[in-house]
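Colleague: coords please:
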Amino acid sequence: MKNLIILAIAFLSVFSCKEKKSQDATDTSNDVAEVRLTSKTYAEISIAQGGEWIDGPRGHKEYNAGTSFKNIDSLHVPKEHTDHTWFIRYEGPGWENGQIGYRIYLDWRNAIDIFGKKVDSIVLPYVGQDGFDSYHEPTDWGQDILKAGKSMGIGGYGRIVADTIVHFQKVKNTFAKMENTKISSSVNIFYEGWESGNEIIDLKSKLTIYPEDRYTKAELTSSKEVSGICTGIVNHGVNFHKKEGSKWAYIATYGVQTLATPPDNLGMALFYNLNEVTEQKMGAHDHLVIFKPTTKTLTYYFLGAWEQEKNGLKNETDFLADLNKKLELLDSTNSL
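Modeller: Below is the predicted model:
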């Protein structure tokens with residue numbers, strides 16, 4: 001008994017020291033612990049600490065010898081950061097509810113990926129803690145299920161110039177801020193000085209998830225009217241669907257298109273306002289939705305539906321029925 005008491009005291013002392021050490025202006029460790037227990041939605045960003053930037057073998061800087069990750073509520077993206085720098089846990093912000101999770105690559109790719117979930121609890125605080133790419137392997141909670149490649153993934157955004165999607169290779173500054181409330185969670189990203197073709201603009205993005213359903217509400221606001229702002233769904237050569245309502249429309253894909261072992265069925269869909277869109281067409285890597293030039297906020301919705309989701313949509317028929325109900329709701333209320 002005496003030994004147990006000594007061990008308990010030692011554990012509490014270590015925990016207290018770590019807790020004190022981690023308290024700073026942007027540390028959200030306590031919030032993370034609370035959200036695991038109480039929240040139905042969650043958004044986060046987590047960076048490596050304890051290491052240093054070095055010249056890496058890929059021809060760019062890498063964050064080396066990081067000892068742990070720290071959750072923060074906002075981040076000015078370092079100039080050194082690009083793809084595969086090992087600085088941001090799972091490479092960007094993530095957001096989730098009890099049905100699905102998403103992440104956005106906070107680098108030049110700017111694609112949105114899907115975390116397929118087998119459980120209805122909050123899991124993102126644990127993802128990638130045990131190895132940078134561990135989430136690509138199947139686990140009890142699920143895994144990364146979408147291969148984005150050179151595409152925008154599901155609902156990512158860019159600009160089409162001369163039939164080529166310009167991602168975010170040239171941006172002066174990028175700032176990301178997480179927002180968790182009782183009714184939703186959002187990832188807010190501000191891109192200052194985004195250069196694409198002959199245009200330089202500022203772009204604000206807000207990606208919001210709610211407690212119920214699989215969709216993310218995406219809002220884009222440009223500082224200048226430019227042609228070619230677009231979104232889309234990665235093309236994996238599976239079944240493609242398109243349907244127009246009176247005010248809204250959707251494009252969708254369904255079939256065997258996951259990174260699971262073996263690969264299994266995934267449905268993806270994107271809803272857009274017909275008045276805000278100039279064209280829907282096939283691109284080199286994506287089914288594209290191209291917006292009209294505007295400085296007003298553009299709104300669209302995207303979602304994924306994995307067949308292994310707990311109590312999820314298990315076949316294409318149910319998936320399309322769900323989309324059609326959402327389209328009717330959008331036509332009648334202009335919102336999901």
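Colleague: show me what contacts the residue nearest the centre of the chain?
Modeller: The residue lying closest to the centre of the chain (CA atoms, centre = their mean) is residue 103, at 2.5 Å. Neighbour list for residue 103: 90-95, 112-113, 115 [criterion: CB atoms under 8 Å, 6 or more residues apart in numbering]. C-betas here are computed from N, CA, C, even on glycine.
Colleague: Taking the residues you listed, tell me the two that lie furthest apart.
Modeller: Greatest spacing in these, by CB to CB: 91 and 95 (14.0 Å).
Colleague: Who has more neighbours out of the two?
Modeller: The neighbour count for residue 91 versus residue 95, taken as other CB atoms under 10 Å, is higher for residue 95 (28 against 23).
Colleague: Now the more buried one. Nearest residue, chain neighbours left out?
Modeller: Among residues not flanking residue 95 along the chain, residue 43 sits closest, at 4.1 Å (CB to CB, 6 or more residues apart in numbering).
Colleague: What are the buried residues along the one helix or strand the one you found maps to?
Modeller: In this structure, residue 43 is located in strand 42-49 according to DSSP states H and E. For strand 42-49, burial by neighbour count (16 or more other CB atoms under 10 Å) applies to 42-48.
Colleague: Widest-spaced pair of those?
Modeller: Within these, two members stand farthest from each other by CB to CB: 42 and 48, at 20.2 Å.
Colleague: what's the burial count for the closest residue to the residue nearest to the centre of the chain other than its chain neighbours?
Modeller: Take residue 103 and drop its neighbours on the chain: the residue closest to it by CB to CB, 6+ apart is residue 94, 4.3 Å away. Using other CB under 10 Å, residue 94 has 28 neighbouring residues.
Colleague: and if you look at residue 130?
Modeller: The burial count assigned to residue 130 is 10, neighbours taken as other CB under 10 Å.
Colleague: same deal with residue 76?
Modeller: 11.
Colleague: mind checking pLDDT for it?
Modeller: On pLDDT, residue 76 comes in at 98.
Colleague: so where's this protein uncertain?
Modeller: 1-38, 131-132 (pLDDT under 70).
Colleague: does residue 213 really touch residue 336, like I thought?
Modeller: Yes: look at residue 213 against residue 336 with CB atoms under 8 Å: they come within range, at 7.3 Å.
Colleague: hmm, back to that, bridged to the residue nearest to residue 103, which residues?
Modeller: Beta-bridge pairing for residue 94 (DSSP bridges): residue 44, residue 103.
Colleague: what's near enough to touch it?
Modeller: Residue 94 makes contact with 43-45, 101-103, 115, 124, 127 under the criterion CB under 8 Å, 6+ apart.
Colleague: separation between it and residue 214?
Modeller: 15 Å (CB to CB, to the nearest Å).
Colleague: And residue 140, by the same measure?
Modeller: Counting by CB to CB - residue 140 and residue 214 are separated by 20 Å.
Colleague: Those two: who's more crowded?
Modeller: For residue 140 versus residue 214, neighbours defined as other CB under 10 Å are more numerous around residue 214 (26 against 7).
Colleague: Who are the contact partners of that one?
Modeller: By CB under 8 Å, 6+ apart, the contact list for residue 214 reads 97, 99-100, 303-305, 309.
Colleague: all strands for the stretch 101-250 of the chain, in order.
Modeller: Assigned by DSSP state E, counting those that start in this stretch, the strands in the stretch 101-250 of the chain fall at 112-117, 142-144, 154-161, 164-166, 171-180, 185-196, 199-209, 216-222, 229-234, 239-244, 248-256.
Colleague: Please list the outside residues in contact with the third one.
Modeller: Counting contacts by CB under 8 Å, 6+ apart, the residues outside strand 154-161 that touch it are 102, 104, 110-114, 146, 148, 152, 165-168, 196-197, 199, 205, 216, 218, 220, 226, 228-234, 268, 270, 283, 288, 290, 300, 302-304.
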